[in-house]
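K.L.:
Here is my input, please return the structure:
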Amino acid sequence: MSVIGLRRNRVPRAKEVRDQLSDAASILSRVGKERAEKATTLLSQVEAKLRSATDAVQGLQEDAVDRARAVGRGADDYVSRNPWQMVGVAAAVGFLAGALLSRR
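P.N.:
All right, here's what the predicted structure looks like:
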């Protein structure tokens with residue numbers, strides 16, 4: 001799965017989580033207004049919505065892990081193909097860090 005494909009999946013899932021949490025909140029607000037016999041039904045609906053939201057959040061977490069792995073693989077491939085450029089970048093960063101720290 002490409003990083004672009006993962007970005008497309010993230011937005012609908014985040015909206016899905018927001019919608020489910022909003023639904024759960026509206027159901028909870030109705031609990032106080034309904035009679036006691038309906039409260040049990042409404043609470044079970046809230047549990048179902050929260051379970052669904054939890055599943056969606058886990059999906060978002062899995063997507064984030066997949067994206068991080070894809071970026072890591074890309075960085076590893078780049079470093080493998082361009083080792084001397086990376087040595088130069090590391091040396092430049094080290095030089096700049098040393099220059100900044102020596103001023104203190």
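K.L.:
what's the burial count for Glu16?
P.N.:
A total of 17 residues lie near Glu16 under the criterion other CB atoms under 10 Å. In short, each C-beta sits where N, CA and C put it, glycine included.
K.L.:
List the contacts of stretch 85-100.
P.N.:
Contacts to stretch 85-100, defined as CB atoms under 8 Å, 6 or more residues apart in numbering, come from residues 78-79.
K.L.:
again, 10 Å this time
P.N.:
By CB atoms under 10 Å, 6 or more residues apart in numbering, the list of residues contacting stretch 85-100 from outside reads 75, 78-80, 82.
K.L.:
Return the list of helices and strands in contact with the longest helix along the chain.
P.N.:
Scanning the chain for the helix with the most residues, using DSSP state H, yields helix 36-81. Judged by 3 or more CB pairs under 10 Å, 6 or more residues apart in numbering; DSSP states H and E, the packing partners of helix 36-81 are helix 3-31, helix 83-102.
K.L.:
most packed of these?
P.N.:
Of all the helices and strands packed on helix 36-81, helix 3-31 has the most neighbours on average by mean count of other CB atoms under 10 Å, namely a mean of 14.
K.L.:
State the number of residues packed around the residue lying closest to Ala24 once chain neighbours are set aside.
P.N.:
Leaving aside its sequence neighbours, Ala24 sits nearest to Lys49 (CB to CB, 6 or more residues apart in numbering; 4.0 Å). Neighbour count of Lys49, defined by other CB under 10 Å: 20.
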